[in-house]
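Asker: Show me the folded form of this:
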Amino acid sequence: MMILLDIDGVMLPEPCEQEERLPDGFKAFAPDAINNLSWLIRKTDAEIVLTSNHRVSYPVYKWPAIFKARGIDVSKINFINDLPFHKMMDRATEIKAWVAAQPAGTNYVAIDDDHSLATLPSAIQQRCVMTDPLIGLDRDAAKKALGILLNNADISKQ
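Answerer: Numbering: from 1, shown residues only. Presented below is the predicted three-dimensional model:
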């Protein structure tokens, strides 16, 4: 299982006026987002695929420690692609290309606040959870993501 994860608007609700930075130099995540992503990972043992533009800020091998310093224990983190910032495409295009490159039946959910995801084919849109950028990853969004990862089970009332 894989979680395609954005950071701004998901782990860092807007506005990020305080922008507390931890010793690694990266911003602190919102406590609710930390709790909800940690819960989702515990329930699924999913890997993280960073879709955020922040992925170019640090090499991929540093991201597990960045997440761990924020209280999120994730076994594996990858990038959606290895494009440099100036060659990045819009989020929907990157996700569509990533999905096309995966084996059939790959189990994933994309958690993002980017409205370009509305342009994705419906089969991919059904695996997307849109967050409110002012709130970030709340419990309802985490439950929806879990339902998608668990074969679209309706767990919204749990």
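Asker: For the chain, just list every one of the helices.
Answerer: 31-44, 63-69, 91-101, 122-125, 139-149 (DSSP state H).
Asker: Burial check on the residue nearest to residue 97 when sequence neighbours are not counted, number of neighbours?
Answerer: Spatial nearest neighbour of residue 97, excluding adjacent residues (Cβ to Cβ, 6 or more residues apart in numbering): residue 81 at 7.1 Å. From N, CA and C alone the C-beta is placed, and that goes for glycine too. The number of residues packed near residue 81 is 15, by other Cβ atoms under 10 Å.
Asker: Residue 81 and residue 95 touch, don't they?
Answerer: No: taking contacts as Cβ atoms under 8 Å, residue 81 lies outside contact range of residue 95: 10.1 Å.
Asker: Name the residues of stretch 37-44 that come out as buried.
Answerer: 37-38, 40-41, 43-44 (16 or more other Cβ atoms under 10 Å).
Asker: Show the low-confidence segments of the chain, by residue range.
Answerer: 16-18, 152-158 (pLDDT under 70).
Asker: at 90 instead, please
Answerer: Within the chain, the segments meeting pLDDT under 90 span 14-21, 25, 57, 75, 82-90, 105, 151-158.
Asker: Contacts only, for the residue nearest to residue 97.
Answerer: Residues in contact with residue 81 (Cβ atoms under 8 Å, 6 or more residues apart in numbering) are 94, 97-98.
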